[in-house]
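Q: Okay, sequence plus prediction incoming.
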Amino acid sequence: MGLKASEEMECRRCGACCEALSISSEIPGMPEGKPAGVRCIHLTHEGLCSLFGLPSRPPVCSDFKPSPETCGRSRKEALQLMGRMERETSPGSGCANGEDGTRLEY
């Protein structure tokens, strides 16, 4: 059975979010944040955050919750979904979503 958007999802510890997503806030060792597509220096080889549970972990990381929309069914799919999300929401991307959720291009 497939995952539905409303279902909760356990983190599979693949580290895709720690690579694909950008972080604009300061991170220990990364004072300018982390650009999209760059592996976070705090992601361990086991796919865990070495800052987990520490006050120095950025709130954007602590607040991120895995979901089928962002994580898909595999690390590969998660990287694709999050990469697309980054491209579509980055400044100057030329697209945004309207209030009704439809994609707007300009």
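A: Noted; the coordinates are in hand.

Q: Roughly how far does Glu86 sit from Leu43?
A: Taking Cβ to Cβ, to the nearest Å as the measure, Glu86 and Leu43 are separated by 17 Å. In short, each C-beta sits where N, CA and C put it, glycine included.

Q: before we move on, what about Glu69?
A: Per Cβ to Cβ, Glu69 is found 22 Å from Leu43.

Q: who's more crowded, these two?
A: Leu43 (18 against 12; other Cβ atoms under 10 Å).

Q: Provide the secondary structure category for the nearest residue to that one once chain neighbours are set aside.
A: Sequence neighbours aside, Cys18 is the residue nearest to Leu43 in space, at 4.2 Å (criterion: Cβ to Cβ, 6 or more residues apart in numbering). Put simply, Cys18 is helix when judged by DSSP: H, G, I helix; E, B strand; the rest coil.

Q: the longest helix in the protein is where?
A: helix 75-89 (DSSP state H).

Q: in that helix, what counts as buried?
A: Arg75, Ala78, Leu79, Leu81, Met82, Gly83, Glu86 (16 or more other Cβ atoms under 10 Å).

Q: and it, what does it pack onto?
A: helix 17-20, helix 68-71, strand 95-97 (3 or more Cβ pairs under 8 Å, 6 or more residues apart in numbering; DSSP states H and E).
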